[in-house]
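Enquirer: with the input below, show me the fold.
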Amino acid sequence: MLRFDFRFAIVVFLTLLTQIGGIAYLVGIAVARLWAVRRFVPKLALFLLVYTSLTIVTSIVAPIFGRVPLSCLADAANKLVVRSPIYCALNRNYVTPAVRDLAYALADNMDRQFPGATTIALDANFPFLTGFPLLPHLSHTDGRKLDFAYYYEDSSGSFLDGVTRSPIGYFAFEQPANSDEQPCKGRNDWLTGRWDLDFLQPLFPAYRLQKQRTAAAVNWLTTEGVSRFGVEKVFLEPHLKKALGITDDHVRFQGCRAARHDDHLHVQLR
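Expert: Next up is the predicted model:
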């Protein structure tokens, strides 16, 4: 009974983490039994082989169901990159074709405005099943959402191309000043995804938000992004919206139960 419970927990965990990992685990168990594989290391290697094979198959099959992968193998000439191969390894890089086209168009525009500027994509969606949660996000469930990293500069004001403060692009927050608008200040919601993660903040490099490029990206999303691709919302914390001089109504506050959005841009299409 304990073995069943343990394996069930692994299936649930891998499914929530990667969507297809639970299936790969069950297939791996079946093959291990068929081949009489008993030792842990060969079983792990077998699971990784099955998972890798399913991931490749998924990238081929997912477009049939309306989602396409953003590539983690982009070369240096490509100005849209996924922040880390971990996003592709966990199948968190799938979007609708319209979102993919938006992402490449944004990257092309930023490269034209600021020659050489790289645009960095973060979490997207899983490949299958509308409504399947991409934790810890609340809304990345239908292929229409994609997060982008901010653009950064060093303390001397030199642009840092292709660089983020956090290794995964998240959780390095642009902290508001005491005088800034802070709609969630003083709240202590029990059920919330709004984590301040104060203990992590000193670990990140002291890069500064590159306001000119970040504002240009938001302005493109709320103009050409709206007219050409149907951008519905861009989530941004109020203090950053003001700091960047953004006034467009497509840029909104996501609410106090959702994750903070002063470490990345959340974009969603209609």
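
Enquirer: for the nearest residue to residue 111 once chain neighbours are set aside, the count of nearby residues, please.
Expert: Nearest residue to residue 111, sequence neighbours excluded (C-beta to C-beta, 6 or more residues apart in numbering): residue 79, at 4.4 Å. In this view, the C-beta of every residue, glycine as well, is placed from N, C-alpha and C. Around residue 79 there are 22 other residues, counting by other C-beta atoms under 10 Å.

Enquirer: now residue 70
Expert: Residues within reach of residue 70, counting by other C-beta under 10 Å, total 21.

Enquirer: my read: residue 200 touches residue 170, true?
Expert: No. With contact defined as C-beta atoms under 8 Å, residue 200 does not reach residue 170; the gap is 10.1 Å.

Enquirer: of the two, give the one with the bigger neighbour count.
Expert: Counted by other C-beta under 10 Å, residue 200 and residue 170 do not tie: residue 170 has more neighbours, with 20 against 13.

Enquirer: so that one sits against residue 261, correct?
Expert: No. Taking contacts as C-beta under 8 Å, residue 170 lies outside contact range of residue 261: 10.3 Å.

Enquirer: which neighbours do the two have in common?
Expert: When contacts are counted by C-beta atoms under 8 Å, 6 or more residues apart in numbering, residue 170 and residue 261 have no shared neighbour.

Enquirer: coming back round to it: so what's the residue nearest to residue 111 up against?
Expert: Residues near residue 79 by C-beta under 8 Å, 6+ apart: 107, 108, 110, 111, 117, 118, 119.

Enquirer: 6 Å instead, please
Expert: The contact partners of residue 79, by C-beta atoms under 6 Å, 6 or more residues apart in numbering, come to 107, 111, 118.

Enquirer: now swap in residue 65 and tell me
Expert: Going by C-beta under 6 Å, 6+ apart, residue 65 touches residue 128.

Enquirer: ranges for the strands of this structure?
Expert: Under the criterion DSSP state E, strands of the chain are mapped to 68-69, 80-82, 94-95, 119-121, 145-149, 152-153, 159-160, 208-209, 231-235, 251-252, 264-269.

Enquirer: what's the fifth one in contact with?
Expert: Strand 145-149 is touched from outside by 95, 99, 120, 122-124, 139, 164, 169, 264-268, with contacts defined as C-beta under 6 Å, 6+ apart.

Enquirer: alpha carbons of that strand, as CSV, please.
Expert: Extracted C-alpha coordinates of strand 145-149, given in CSV (Å, rounded to 0.1, in the frame of the first residue of the first chain):
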residue,chain,number,x,y,z
LYS,A,145,-0.4,33.6,-22.2
LEU,A,146,3.3,34.3,-22.3
ASP,A,147,5.7,36.0,-19.8
PHE,A,148,8.6,38.2,-20.9
ALA,A,149,11.7,39.2,-18.9
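
Enquirer: gap between residue 16 and residue 10?
Expert: Counting by C-beta to C-beta, to the nearest Å, the gap from residue 16 to residue 10 is 11 Å.

Enquirer: and the longest helix for the protein?
Expert: For the chain, the helix that runs over the most residues, judged by DSSP state H, is helix 40-61.

Enquirer: mind giving me the packing neighbours of that one?
Expert: helix 21-34 (3 or more C-beta pairs under 6 Å, 6 or more residues apart in numbering; DSSP states H and E).

Enquirer: try it again with 10 Å
Expert: On a contact count with 3 or more C-beta pairs under 10 Å, 6 or more residues apart in numbering; DSSP states H and E, helix 40-61 meets helix 2-18, helix 21-34, strand 68-69, helix 85-89.

Enquirer: surely residue 58 meets residue 90?
Expert: No. Counting by C-beta atoms under 10 Å, residue 58 stays clear of residue 90, with 11.5 Å between them.

Enquirer: what touches both of the two?
Expert: Taking C-beta atoms under 10 Å, 6 or more residues apart in numbering as the criterion, residue 58 and residue 90 both touch 18, 19, 20, 126.
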